[in-house]
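>>> Have a look; sequence and predicted model below, questions after that.
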Amino acid sequence: QVQLVESGGGLAQPGESLRLSCAASGFNFLAYAMRWYRQAPGKERELVAHINSAGGRTTIADSVRGRFTVSRDNRQDTVTLEMNNVKPEDTAVYFCNVPYLKVGGTVGFWGQGTQVTVSS
């Protein structure tokens, strides 16, 4: 079955770096664009990064541009979010998403999320 498993979250101090990984399985990974979202307490889920299926085109949210980058490895079926110079406002649960994959009757599939906390 389709699975997206995020890892790499945790506690970081402001200015530090974190690397989030998403391991995908159960579908033809290299055929699909991938996304990272985040959701802070009391806030709506926010699109952080998008990468096309080949990995050559990315879109980064204004709120993290210049600090976060997204990449993928189509041999390993993984997508990575590199988070540099993190700030307290980056604290959120980060979700891996495959937006255009149809699973059952639903388009789009989500991982379970990984918590990122930025605090001194």
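Yep, that arrived. Since the model is a prediction, treat every value here as computed from it, not as a measurement. Numbering: from 1, shown residues only.

>>> Make sure V79 is indeed in a helix.
No: using DSSP: H, G, I helix; E, B strand; the rest coil, the secondary structure at V79 is strand, not a helix.

>>> how near is it to T91?
V79 sits 21 Å away from T91, going by Cβ to Cβ, to the nearest Å. For glycine as for every other residue, the C-beta is placed from the backbone atoms N, C-alpha and C.

>>> more neighbours, the two?
With neighbours defined as other Cβ atoms under 10 Å, V79 and T91 compare such that V79 has more, 28 against 17.

>>> List the contacts of V93.
Counting by Cβ atoms under 8 Å, 6 or more residues apart in numbering, V93 makes contact with R38, Q39, A40, G113, T114, Q115, V116.

>>> can you pull out the strands in this protein?
3-7, 10-12, 18-25, 34-39, 46-51, 58-60, 68-73, 78-83, 92-103, 106-110, 114-118 (DSSP state E).

>>> The fourth one pairs with which strands, and in what direction?
It refers to strand 34-39. Strand 34-39 sits in its sheet next to strand 46-51 (antiparallel), strand 92-103 (antiparallel), going by DSSP bridges.
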